[in-house]
Every structure is written in C-alpha cells, then in structure tokens.
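Participant: I would like the atomic coordinates for the input below:
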Amino acid sequence: MIQAVIFRRKLAEAELHGPPVFIVGHWRSGTTLLHELMVRDERLSSPSTFQCFAPCHFLVTEWFFRRFASWLLPGKRPMDNMAAGWDRPQEDEFALMNLGQPSPYRRIAFPNEPAVDMDYLDFDGVPEEGKQAWMTALRSFLLKVSIGTGRPLIIKSPTHTGRVGSLAREFPEAKFIHITRDPRDLFPSTCRLWRGLDDVQALQKPKHERDEDYVVECLRRMYKAFHEQRKSIDSARIIDVSFEDLTTNPVETLRSIYETLRLSDFESVEATIREWADSEHKTYQRNQHQLPPEKEAMILDEWQDYFERYGYR
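Facilitator: Residues are numbered from 1 along each chain as shown. The predicted model follows:
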C-alpha cells in the first residue's frame with residue numbers, strides 16, 4: 001500500500017526502456033553465467049534477487065535489505081559456487097510465483113508431492129485468461145523494475161524456454177538468447193540443483209524419489225514447445241550459443257550475441273568481459289559430474305532430439 005501511494009505517478013507512467021532480451025535454456029546450461037556476464041554492461045540491467053523475492057514492495061524496501069540485511073543470504077548459491085546477494089541478477093520466475101501466478105517452482109516447497117503447474121512450462125492447455133493474467137503480472141513486474149533501472153532489461157528464466165512464442169507476441173521487439181549444454185553434464189547438474197534447493201527450501205524432508213524423472217520430463221516438455229514456437233520468431237531476433245563456447249571463449253561468444261542481435265556496440269564492454277575472463281573465470285571451480293553408463297544410455301534415449309539437434313551425439 002505504501003509503495004502504491006509513494007510511486008503512484010511513476011507506476012502509471014512506467015515503460016520499458018528498449019526491447020527486453022530473454023535468456024532461455026534448460027537449468028544448468030549456463031543461463032546464470034551468461035546473465036551475470038551481460039549485466040556487467042552498465043547500459044543493461046536486470047531484476048535483482050531482492051526484487052524477485054519481494055516483488056510487491058521492493059521499490060520502498062530494497063534499499064534497507066541491501067544495506068542492512070545482506071547477512072540473510074548465504075555467500076554462495078546452494079547448487080553451485082556462484083556468489084549470492086540481494087543485488088545479484090535473478091530469475092523473474094520467482095517474482096511471478098511470489099505474485100501468486102502458477103509456477104512449476106512451487107514444487108520446491110513440497111518436493112515429495114507430484115509436480116505442480118507443469119502446463120505453465122509450455123502453456124499447453126492453459127486457458128487464454130490464465131495466460132493473459134500471467135503475462136499481465138510479468139509486464140507489471142518488469143515495468144516496476146524499469147522504474148529503478150531506466151535501462152533495457154536482460155531477463156533470465158529457464159522456465160521461459162517453452163514460452164518463447166507467447167513472450168515474442170507479448171513483447172514484439174524482444175530478443176532471445178538460447179543456450180545449450182552437453183546433456184551428460186546437464187542431467188546430473190540439474191539433479192544436483194533440485195536436491196540442493198529442496199534440502200534448503202522444502203517444507204518437508206525431501207525423499208528425492210522423483211528427481212530424475214522430473215528432470216527428464218521437464219526438458220522433453222520444454223523443448224518440444226521451444227522447437228515448435230521458435231519457428232514463429234524472426235531469426236534475427238534469436239541466437240543459439242553453447243555452454244562449452246561460453247566457458248571456453250566468453251569474449252567471442254558475447255561478441256557474437258551483441259552483433260547478431262544488434263544490442264549495441266560490443267567494444268564498449270569488451271574490456272570488462274575480457275578482464276572477467278582473465279581473472280574470475282580462471283579461478284571459478286565448476287562442480288564435476290560422473291554419469292553412470294546406465295544413466296547416460298537413458299538420457300541418450302529420452303533426449304535424443306536434443307543430442308542430435310545441438311551436436312552432442
């Protein structure tokens with residue numbers, strides 16, 4: 001209520017400062033790394049962790065939590081070695097869930113129960129009024145974020161992968177970066193992700209009985225929709241990159257993204273990206289995964305199209 005009163009005029013006049021850029025791809029495919037790299041460009045911005053976790057009032061409360069409550073968050077994320085903090089870029093899916101919209105992320109609270117809101121991974125079967133309510137909530141949240149940043153937004157949520165068609169219609173000038181990763185790394189890393197989040201966030205003691213089936217089903221569902229929906233998106237508005245290229249040669253990968261999507265001149269941010277590649281990137285330790293032969297055979301069968309379409313066979 002306080003936010004609505006104080007920011008009434010700004011909320012009424014809010015607008016997006018340029019077309020949004022959506023980073024999509026399966027969990028653990030490098031979406032967070034790419035997100036963190038792109039917001040190093042000071043001409044771009046992104047929803048922060050606090051904004052996504054407190055989407056109803058962050059315009060009046062974010063300053064307090066950033067200054068006095070950093071101790072409430074761990075130093076690193078529970079699923080990997082990347083830094084955490086209120087001001088770090090975050091997935092807008094958390095904001096939508098906290099605004100009361102249906103989201104597959106609700107399963108984190110009760111991981112022993114059947115997965116919920118799976119139809120919101122691709123909007124398959126979701127009534128038109130449901131999709132419109134979801135889009136209205138997303139646009140409203142992004143407009144609030146834009147009030148504070150005044151810059152174009154880089155938006156990242158793996159859950160958007162199977163929604164690209166709807167997002168392209170809602171934001172006609174939006175651009176998309178799709179990132180892939182070898183499924184032999186993707187599968188165990190995603191299983192580790194859900195186990196880590198469930199252990200920390202669940203409201204029941206996780207049994208981890210459905211984790212692997214859930215991971216398999218999510219990718220299959222998301223990418224069936226993605227491959228169909230991207231046909232309706234102008235090829236000049238979407239680019240494919242790989243985790244392997246991003247980690248091996250981040251500077252050239254970012255250059256390709258900027259030039260293909262015509263974001264802005266890459267030269268202005270090249271030194272910043274190169275400095276990161278020469279310092280932080282060399283000291284960052286990735287989790288190592290060993291996939292048993294029977295699990296590799298399983299995902300080779302279940303995710304065959306992904307393996308072949310993106311050259312991982």
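Participant: Please identify the buried residues of the helix or strand where residue 271 lies?
Facilitator: Here residue 271, judged by DSSP states H and E, is contained in helix 267-278. When neighbours are counted by 16 or more other Cβ atoms under 10 Å, the buried residues of helix 267-278 are found to be 269, 273, 276-277. Just so you know, the C-beta spots here come from the backbone N, C-alpha and C atoms, and that holds for glycine as well.
Participant: Out of the residues you listed, which is nearest to residue 148?
Facilitator: Taking Cβ to Cβ as the measure, residue 269 is the one of the buried residues of helix 267-278 closest to residue 148, at 21.2 Å.
Participant: Now do the nearest residue to that closest one once chain neighbours are set aside: how many residues are near it, please.
Facilitator: The shortest distance from residue 269 to any residue that is not its chain neighbour, by Cβ to Cβ, 6 or more residues apart in numbering, is 4.3 Å, and that residue is residue 41. A count of neighbours around residue 41, defined by other Cβ atoms under 10 Å, yields 21.
Participant: so how far is stretch 165-176 off the chain centroid?
Facilitator: 16 Å (Cα atoms, centre = their mean, to the nearest Å).
Participant: ok, the residue nearest to residue 269 touching residue 267?
Facilitator: No. No contact is recorded between residue 41 and residue 267 when judged using Cβ atoms under 8 Å, the distance being 11.4 Å.
Participant: the helices in the stretch 201-313 of the chain, which residues?
Facilitator: For the stretch 201-313 of the chain, applying DSSP state H, counting those that start in this stretch gives helices covering 211-229, 243-248, 250-261, 267-278, 280-283, 293-302, 304-309.
Participant: can you redo the ones you listed as TSV with mean pLDDT and distance to residue 140?
Facilitator: Formatted as TSV, the entries for the helices of the stretch 201-313 of the chain read as follows, by pLDDT from 0 to 100; distance: least, Cβ to Cβ, whole Å:
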stretch	mean pLDDT	distance to residue 140
helix 211-229	97	23
helix 243-248	95	32
helix 250-261	97	25
helix 267-278	91	30
helix 280-283	58	35
helix 293-302	95	37
helix 304-309	96	34
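Participant: do you know which of the ones you listed lies nearest residue 94?
Facilitator: Comparing the helices of the stretch 201-313 of the chain under Cβ to Cβ, the one sitting nearest is helix 211-229, at 16.8 Å.
Participant: Tell me what angle the closest one forms with helix 293-302.
Facilitator: The directions of helix 211-229 and helix 293-302 differ by 30 degrees, with axes from the mean of the first three to the mean of the last three Cα atoms, to 10 degrees as the criterion.
Participant: so which of the helices of the stretch 201-313 of the chain gets nearest residue 235?
Facilitator: The closest of the helices of the stretch 201-313 of the chain to residue 235 is helix 250-261. By Cβ to Cβ, the value is 9.4 Å.
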